[in-house]
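Visitor: The sequence and its predicted three-dimensional model are supplied below.
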Amino acid sequence: MQIPTYSIGVRCSAHKEAEGPSSVEQESKDKSGSITGFLVSQALKLYLKTQLDAEEDLQVLVFGRNRDLLSGTVRTLVVTAKNAVYKGVSVSEACLTASKVKVTLNGEKRGLKEPFVVEASLKLTEKDFQKSLASPLTRRAVLEALRPENFSRRAEANLDVRLEDGTIGLQQGSSQSRLGLQLNGSGNVLTLVDLDSRKARDVFLGDDTHLRKVEVSPNLLSCEASFLVTP
């Protein structure tokens, strides 16, 4: 099994071999100085499972002093997952890191106490896109966002996505479109360029989202971004 190694507080880096499914949990125990980090990571893992529609190999790694961890303050949090589905959106690989995360670990109001910034590294395949587009609402949202010419915006309209070298190919019946992606300096605006008509359109990602990197290669879209998580 492959699991990521980590550049703590920054982002995921290269992969390394692990001997078994408990390697991340064991590292959590080692790094926190006692079993406290392991227990907190398991509590967070259970919480995250309730937020995801589906996932495989969900791993949670926490760092912090025992006293802080017991009070619900995590100095650094790393979450990795494969084939995760969140609100209908499928992702093949995800690695999320955050610092100074404050949570309530018991009681009826279990969850986040304060907003915090997440650094994310995501990988999506064509299969991920097709799974996500199986939902009529998601498909319509994608069409509204990309707005390819001569494409139907109806929720029931079919849509095929192809990830090519530097472009996203869309097809709906006999209509086709090729889109290029460009980032602006602020990171919260993504420019979509129709490579056939040469028309460009900006998509605002939100004040709390900053996209640092986006790359499209055959059958794969990868991106690195940061965003604000609120309770």
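Guide: Thanks, I have the structure now.

Visitor: When you work out contacts or count neighbours from here on, use the C-alpha atoms and nothing else.
Guide: OK.

Visitor: Scan the chain for its longest strand.
Guide: The longest strand of the chain (DSSP state E) is strand 89-104.

Visitor: partners of the following helix or strand past that one in the sheet?
Guide: Note on strand 89-104: by DSSP states H and E, the next helix or strand toward the C-terminus is strand 111-112. Each strand paired with strand 111-112, and its direction, by DSSP bridges: strand 89-104 (antiparallel).

Visitor: Give me the contact list for the longest strand of the chain.
Guide: Residues external to strand 89-104 that are found in contact with it (CA atoms under 8 Å, 6 or more residues apart in numbering): 8-12, 72-85, 110-114, 116-125, 128-129, 131-132, 138.

Visitor: Can you pick out the ones from these that are in helices?
Guide: Applying DSSP state H to the contacts of strand 89-104, the entries found in helices are 128, 129, 131, 132, 138.

Visitor: From residue 125, how far off is the third one?
Guide: Residue 131 is 10 Å from residue 125, where distance means CA to CA, to the nearest Å.

Visitor: Could you measure from the spatially most distant residue from the centre of the chain over to residue 159?
Guide: For the chain, the largest distance from the centre (CA atoms, centre = their mean) belongs to residue 174, which lies 32.1 Å off. Note on residue 174: its distance to residue 159, by CA to CA, is 11 Å.

Visitor: And residue 131 and residue 125? Which one has more around it.
Guide: Each of residue 131 and residue 125 has its neighbours counted (other CA atoms under 10 Å); residue 125 has more, 22 against 16.

Visitor: I'd assumed residue 216 was in contact with the more buried one.
Guide: No. Counting by CA atoms under 8 Å, residue 125 stays clear of residue 216, with 9.8 Å between them.

Visitor: Now for those two: what residues contact both?
Guide: Common contact partners of residue 125 and residue 216 (CA under 8 Å, 6+ apart): residue 163.

Visitor: what about residue 216, neighbour count?
Guide: Here the count is done by other CA under 10 Å, and residue 216 has 20 residues near it.

Visitor: if we can go back for a sec, out of the contacts of strand 89-104, which sit inside strands?
Guide: With DSSP E as the criterion, strands contain 11-12, 73-85, 111-112, 116-124 from among those.

Visitor: got the angle between the top helix by length along the chain and strand 89-104?
Guide: Longest helix of the chain, by residue count under DSSP H: helix 36-51. Interaxial angle, helix 36-51 versus strand 89-104 (axes from the mean of the first three to the mean of the last three CA atoms, to 10 degrees): 130 degrees.

Visitor: elements contacting the helix or strand just after helix 36-51?
Guide: As assigned by DSSP H and E, the chain's next helix or strand after helix 36-51 is strand 54-63. With contacts taken as 3 or more CA pairs under 8 Å, 6 or more residues apart in numbering; DSSP states H and E, strand 54-63 sits against helix 23-32, helix 36-51, strand 73-86.

Visitor: and of the ones in helices among the contacts of strand 89-104, the nearest to residue 185?
Guide: Nearest to residue 185 out of those is residue 129 (CA to CA; 26.8 Å).

Visitor: Number of residues surrounding that closest one?
Guide: 20.

Visitor: is it true that it touches residue 161?
Guide: Yes. Counting by CA under 8 Å, residue 161 is a contact partner of residue 129 at 6.7 Å.
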